[in-house]
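Provided below are the primary sequence and the corresponding predicted coordinates.
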Amino acid sequence: MRGFHFRLDPLLALRRHKEQTFQLQLAESQRALEEAADRAVALESEIKELSARLAEFQGKGTLDLDRLDLESSYLAILERRLEEQLSLADQLTQRVAQDRESVLQASREKKSLEKLRESLMLAFAREESQKELKGAEEIATSRYVRRHRDQGKD
């Protein structure tokens, strides 16, 4: 009895590797998105703190215009950085969606080959089973014929 050989095993291995590569790429994109979101949250928090300090500073009786100007400039820089982080987060969200779709497509391709392999393996097993059954029937038939032929000589 010969063993089952799926001639598309190299392609199946390639599809599995492709899926793993896309999964790693997706994980990296998700990590980058999470980092961008964390940075945006930190910037928002810093902007709120600075805005509260500016409001408190302006509420006092005397104004230090240099400090007010400095902190206002810093607030503008933080707001610009926040916009950049939010833009980056949007881009990364799109990349995560694309990477997720790539993983799904690679998974579908791999699964279709795995299903083909499985169906061919089942067909092979059925064929081998039928061959074994046919061989067993031939042996039984030849024994029966020999036994009756030997009984006929006696």
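Great, that's in hand. Numbering: from 1, shown residues only.

use CA for all of it now, contacts and neighbours both
Will do.

Moving along the chain from the one helix or strand Gln30 maps to, name the first helix or strand you hit.
When secondary structure is defined using DSSP states H and E, the element that contains Gln30 is helix 9-59. Beyond helix 9-59 on the C-terminal side, the first helix or strand identified by DSSP H and E is helix 65-153.

Near the nearest residue in space to Ser107 that is not next to it in sequence, how many other residues are there?
Setting aside the residues directly before and after it, Ser107 is nearest to Glu19 in space (CA to CA, 6 or more residues apart in numbering), at 6.0 Å. Residues within reach of Glu19, counting by other CA atoms under 10 Å, total 21.

Pass me the low-pLDDT residue ranges in this protein, would you?
Segments of the chain classed as low confidence (criterion: pLDDT under 70) are 1, 61-63, 152-154.

Give me the most central residue, it.
If you average the C-alpha coordinates of the chain and look for the closest C-alpha using CA atoms, centre = their mean, you land on Gln23, 3.3 Å from that point.

What residues does the residue lying closest to that one once chain neighbours are set aside make contact with?
Closest residue to Gln23 apart from its sequence neighbours, by CA to CA, 6+ apart: Val103 at 6.0 Å. With contacts taken as CA atoms under 8 Å, 6 or more residues apart in numbering, Val103 has the following neighbours: 19, 22-23, 26.

Apply 6 Å and report the result again.
By CA atoms under 6 Å, 6 or more residues apart in numbering, the contact list for Val103 reads 19, 22-23.

same thing with Asp64?
Residues in contact with Asp64 (CA under 6 Å, 6+ apart): none are found.

what separates it from Leu116, distance-wise?
Going from Asp64 to Leu116 by CA to CA, to the nearest Å gives 77 Å.

do Gly135 as well
Taken as CA to CA, the spacing of Gly135 relative to Leu116 amounts to 28 Å.

just Gln91 next, same as before
Plainly put, Gln91 is 38 Å away from Leu116 if you go by CA to CA.

same deal with Ala97?
Counting by CA to CA, the gap from Ala97 to Leu116 is 29 Å.

Ok, Glu19 next?
Distance, Glu19 to Leu116, using CA to CA: 18 Å.

does Gly3 count as helix, strand or coil?
When the structure is split into helix, strand and coil by DSSP: H, G, I helix; E, B strand; the rest coil, Gly3 lands in coil.
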